[in-house]
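Peer 1: what shape does this take:
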Amino acid sequence: MNQYINHFRPIYEFRATIGWLLALRLILTSGMPAAGYFALFCLGMLALRSTQVWRALKFRMAISTKWLTVIQVDMLLGISTQMRKDEDSMFLGAGFEWTQKHCQIAHDILRMPSSEIPGLPRWVPKRVVKRVEQVFAPADSIADRSPQGKSWIHGMEPRKMQVPFHYKAMPGHTSVSGTTGSGKTRTYEVISTQVIHQPDDVLIIIDPKNDAEWVARVRKECERAGRKFLYWKQASPSQSIRLNPLENWSQPSEIPSRIAQLMEEGPFRQFAFLFIDRAVKGELYVGDKPNLRSILQYAQNGINKLLDRALHRFFPEAGMPDWEEEANGYLQQAGQRPGGTKLDAMVRLYVERFANVDRGHESIDGLISTFQHDRDHYGRIIASALPLLQMLATGETGLMLAPKADDFDDHREIWDIDKVIKQKAVLYVGADSLSNSLVAQAIMSMLLADIASVAGAIYNFYEKPPKVVLIIDEVAEAINEQVIQVLNKGRGAGFNAFVAYQTRSDLTAKLGNVAKMQQVLGNLNNQIVLRLEDIDTANWFSEKAGTTAIRNVVVSSSTSTGTEAHVGEFSGSVSRSTQLEKAALIPPELITQLPNLQYFLRISGGSVYQGRIPIIQG
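Peer 2: Sure, this is the predicted structure:
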């Protein structure tokens with residue numbers, strides 16, 4: 001802050017370089033005494049001025065040319081291993097720590113017309129420009145000819161470093177925001193590749209679009225690392241594993257909650273939860289394991305068979321081995337009424353002998369309430385849940401989400417989230433939201449609810465929780481209350497979440513209000529921001545990054561002449577001063593002008609970096 005440097009003045013050192021070069025030649029050809037000593041002095045000054053010219057040209061070429069970095073996977077893993085050893089951090093490409101100096105340069109450029117940003121003159125032939133670019137090109141880089149973004153953002157710092165993302169910061173969870181095509185998937189490829197090669201880390205990926213290149217990279221790295229790769233792909237059942245999203249729970253009510261949360265708010269949602277909850281508890285009572293297919297069956301056909309099985313179990317356990325003889329009397333009475341059945345008689349026996357004297361069982365009480373409910377009203381209420389259950393529990397999707405363990409003709413493996421974590425596998429879920437968005441959103445929501453349940457069990461019962469990296473792309477398509485709980489309490493369960501979105505308004509629209517959106521973002525302590533089109537999200541990140549002070553140069557001039565003075569007499573003055581001004585450390589305009597694959601990284605309460613994500617090859 002003690003010195004203001006104008007990086008955009010003419011390169012006066014170039015004239016000095018020419019002068020010292022001519023002086024060197026003149027001295028060497030003059031034949032003067034002790035010419036060698038003078039020549040050495042001229043050579044030293046020539047080297048000094050040439051270095052200054054080189055630096056100035058390098059800076060101007062850096063801010064006038066965009067680059068993409070390519071990296072071989074072996075080199076990436078080598079760098080990652082060394083960074084993990086030296087500073088316990090992950091590698092996020094080449095870049096630099098963003099400081100007040102870079103903020104000053106950025107504001108200087110933003111105040112300039114784009115035509116005045118120095119670079120090579122426009123009259124220089126293109127073939128010469130390309131050769132000069134090759135001379136000044138960073139290592140392992142290719143020119144980026146895409147029209148998006150401003151080249152000078154990454155080029156203002158000539159000395160690049162390996163950008164670290166410290167593992168100790170990851171439990172605070174990380175948001176990855178960027179518009180379409182800005183580089184979110186490439187960013188995730190770099191992150192997931194490094195996670196896969198950490199043998200003790202579990203990787204779970206929820207990808208609504210099912211990006212083919214990302215899948216190929218994860219599969220290839222799993223083969224390279226000797227890790228188990230699990231692929232759930234809605235669009236290609238034959239290539240997919242089977243995955244039960246209702247396998248893990250701590251309370252039976254979690255199962256109907258996961259289904260009901262997919263329905264719109266309102267009384268029908270509450271009634272649907274009630275009836276599904278009764279069926280689930282009845283299944284558990286008779287020893288069945290609830291799944292989407294069984295829940296659909298009871299929703300469609302009623303719970304009569306389930307109630308019959310439950311009563312057949314209850315009566316002997318309640319000390320009534322000869323209950324059938326006693327029920328015969330009730331059966332005769334039931335037969336005298338229109339529609340009376342054996343099940344009606346069993347229900348009367350249960351109610352009079354057990355429920356009315358407070359000796360019943362809550363699971364059977366719930367089933368009887370459903371059994372005695374008005375059938376037409378029940379049909380109208382449960383009809384709101386039937387389309388959703390039909391989508392999830394029938395056809396190939398049903399076989400993938402509600403696997404039949406006794407179907408020996410189906411050789412696809414059966415997994416669940418708890419099993420994935422215990423066996424330290426890598427799970428990639430491709431939900432195919434482009435062609436079937438409604439079903440994809442329901443599937444992702446249920447899987448994330450299952451992940452939250454497993455996280456809760458780990459938090460409660462594991463002394464040393466495993467490290468689980470959870471990557472959710474386009475989180476607005478799948479977010480629910482359970483995801484918020486993972487972000488709130490996942491740290492204690494060893495969960496490190498990376499959550500991607502395009503704009504804050506996407507989350508607001510999905511969650512229904514701004515407060516919920518702020519709750520989600522408040523739990524994402526680290527931010528990786530690629531190019532944004534939404535100014536609201538850009539302003540939010542700019543405020544997160546904080547403020548600094550920059551210097552503004554103020555130039556003023558004046559001339560005057562008196563009425564009695566000679567016509568040639570006048571007075572004038574020129575003054576130059578600098579003023580301090582408070583400014584955003586990262587102006588929002590920079591976030592909306594980032595080239596593809598370039599980002600700003602803010603670590604909670606720590607440093608801010610500007611970097612470029614490499615493209616992995618090999």
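Peer 1: pLDDT weak spots in the stretch 451-600 of the chain?
Peer 2: 554-570, 576-577 (pLDDT under 70).
Peer 1: where along it do the helices fall?
Peer 2: 481-489, 504-511, 514-522, 535-545, 588-591 (DSSP state H, counting those that start in this stretch).
Peer 1: tell me the contacts of the closest residue to Asp88 other than its chain neighbours?
Peer 2: Of all residues not flanking Asp88 in the chain, Tyr167 sits nearest, at 5.2 Å (C-beta to C-beta, 6 or more residues apart in numbering). Glycine gets a C-beta too; all of them are placed from N, C-alpha and C. Applying C-beta atoms under 8 Å, 6 or more residues apart in numbering, we find Tyr167 in contact with Arg84, Asp88, Ser89, Met90.
Peer 1: farthest-separated two in those?
Peer 2: Asp88 and Met90 (9.1 Å; C-beta to C-beta).
Peer 1: circling back to that earlier point, could the helices of the stretch 451-600 of the chain go into TSV alongside distance to Trp98?
Peer 2: Shown next, in TSV, are these (distance: least, C-beta to C-beta, whole Å):
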stretch	distance to Trp98
helix 481-489	26
helix 504-511	22
helix 514-522	21
helix 535-545	8
helix 588-591	10
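Peer 1: of those helices, flag the one that's most buried.
Peer 2: Most buried of the helices of the stretch 451-600 of the chain, by mean neighbour count (mean count of other C-beta atoms under 10 Å): helix 588-591, with a mean of 22.
Peer 1: doesn't Met90 lie inside a strand?
Peer 2: Yes: counting by DSSP: H, G, I helix; E, B strand; the rest coil, one finds Met90 located in a strand.
Peer 1: burial measure for it, as a count.
Peer 2: By the criterion of other C-beta atoms under 10 Å, Met90 has 19 neighbours.
Peer 1: verify the stated contact: it with Ser80.
Peer 2: Yes: with contact defined as C-beta atoms under 8 Å, Met90 reaches Ser80; the gap is 6.7 Å.
Peer 1: which neighbours do those two have in common?
Peer 2: The contact lists of Met90 and Ser80 share Gln194, where a contact means C-beta under 8 Å, 6+ apart.
Peer 1: before we move on, the earlier item: out of the helices of the stretch 451-600 of the chain, which is closest to Ala279?
Peer 2: helix 481-489 (21.5 Å).
Peer 1: could you check the angle helix 514-522 makes with that closest one?
Peer 2: Put simply, helix 481-489 runs at 50 degrees to helix 514-522, going by axes from the mean of the first three to the mean of the last three C-alpha atoms, to 10 degrees.
Peer 1: now helix 481-489, how far from the centre of its chain.
Peer 2: 14 Å (C-alpha atoms, centre = their mean, to the nearest Å).
Peer 1: what's the answer for stretch 225-241, then?
Peer 2: The answer for stretch 225-241 is 21 Å, by C-alpha atoms, centre = their mean.
Peer 1: give the buried residues for it.
Peer 2: The neighbour-count check on stretch 225-241 (16 or more other C-beta atoms under 10 Å) flags Arg227, Phe229, Leu230, Tyr231, Trp232, Lys233, Gln234, Pro237, Ser240, Ile241 as buried.
Peer 1: got it, and stretch 321-328?
Peer 2: Trp323, Ala327.
Peer 1: contact partners of that stretch?
Peer 2: With C-beta under 8 Å, 6+ apart, stretch 321-328 has contacts from Phe315, Pro316, Met320, Lys342, Ala345, Met346, Leu349.
Peer 1: thought the fourth one was touching Leu331?
Peer 2: Yes: counting by C-beta under 8 Å, Lys342 does reach Leu331; the two are 5.6 Å apart.
Peer 1: those two: who's more crowded?
Peer 2: Legend: neighbour count by other C-beta under 10 Å for Lys342 and Leu331, higher for Leu331 (20 against 15).
Peer 1: quick one, what contacts the more buried one?
Peer 2: Lys342, Ala345.
Peer 1: assign it to helix, strand or coil.
Peer 2: Going by three-state DSSP: Leu331 is helix.
Peer 1: look at it and report its pLDDT.
Peer 2: Note for Leu331: predicted pLDDT of 73.
Peer 1: how near is it to Leu349?
Peer 2: As for Leu331, its distance to Leu349 is 9 Å (criterion: C-beta to C-beta, to the nearest Å).
Peer 1: and the helices in the stretch 101-250 of the chain, which stretches?
Peer 2: Going by DSSP H, counting those that start in this stretch, the stretch 101-250 of the chain shows helices at 126-136, 152-155, 184-196, 212-225.
Peer 1: please consider this matter closed, and thank you.
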